[in-house]
Every structure is written in structure tokens, then in C-alpha cells.
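Student: Everything below, folded, please.
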Amino acid sequence: MTKFKRPKPRFDRDLANDGRWIYIDDAVTGEEYGGFLCGLFDPSVPRIRLAAERQAKMASYQARGKRPNNYDKTRESVEWFVETCLFDWDMKDEDDKPIKFTKPLAVEYFMTAETDDKTGEKIFIYDYVFQRLFEASRDVSNFQSLDQNEAGDPAKN
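Tutor: Okay, here's the model as predicted:
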């Protein structure tokens, strides 16, 4: 049997599985959204691979015309991300009190929407946060151990 040269790990497995804090702020408005403990979203991570397999089975089921009448692609994407990659948060309410993390509450947060008066379409209030977190969770450079990345903490966005 041939022994292949083993490459260096692309990311720290513990950080990928346990998560790294990602801090989201908006340079345009100065708004600070808080910290989010996210795991790596990469097909080589077993929890992602298993979740993708489950989702493929569901898609197959839905393709056979068994999709619920109230199917919502945006909600499905949010639920999938929250289930697989979001582990905790550091969020405050309007009175500056901590909000305890739960997965249903995280889905509610990302699904918070207003209706556009002109078009009648939904505008998701926290889509910016969702997109930034999704992008950061896919970037393996955010999941490097200190010896892999001497440049410092890449999780601070």
C-alpha cells in the first residue's frame, strides 16, 4: 500500500468543533451586534458532513412533491446554520441585559423581518449579521491554533 505524504492540517479541529468567537460590528453605522460562538462550516468536519447528508435526504423527500405548503428557503438556511454552526452568543436586549442563547431564539433573531412598504417583500433586519457569520464560519483562517497562525486572533472581525 502506498503511503501518501500527509499535509499539515488546514484548521485546528478543536476550534472547528468547539467554535471560535466571532464579533460582528458595522463600520458604516458603528452598530455593534455582539459576539457569536461559531464552529467551522466545512464539509471535512463530521458534524457538517452528517448534517449535509440529512439535508440531502430531506431535499430528496421534498423533490418528490412532499414539501410542506409553508416551505421557506430562508428559514431553512437559517435553521441549518444555527443547528450546525452557532453554539452561543453574547447579546444584550434593549435594556442592556444579557439574552440567554437558545437555538429557537437564534432562529427568531435571524428571521426578524419588516415588510417593505413599496414592494411588500420581507426585509430581514439581521441579514447583515447572518451573512457575516456565515462567511466567517466558512473561512478556515478563523479556525487556526496559535501555532498555525502567528498573526494573532483572526476571529475578531
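
Student: from here on, contacts and neighbour counts on C-alpha atoms
Tutor: OK.

Student: Tell me where the chain has helices.
Tutor: Remark: helices assigned in the chain by DSSP state H are 13-18, 46-61, 73-85, 103-111, 127-138.

Student: Among those helices, which comes closest to D95?
Tutor: Nearest to D95 among these is helix 103-111; the distance by C-alpha to C-alpha comes to 16.6 Å.

Student: Tell me what angle that closest one forms with helix 127-138.
Tutor: If you take axes from the mean of the first three to the mean of the last three C-alpha atoms, to 10 degrees, helix 103-111 sits at 120 degrees to helix 127-138.

Student: residues of helix 103-111 that come out buried?
Tutor: By neighbour count on 16 or more other C-alpha atoms under 10 Å, the buried set for helix 103-111 is A106, V107, Y109, F110, M111.

Student: for stretch 88-98, same thing?
Tutor: D88, W89, M91.

Student: ok, and what's touching it?
Tutor: Y33, G34, G35, F36, L37, C38, I99, K100, F101, T102 (C-alpha atoms under 8 Å, 6 or more residues apart in numbering).

Student: Work out the gap between that stretch and the centre of the chain.
Tutor: 18 Å (C-alpha atoms, centre = their mean, to the nearest Å).
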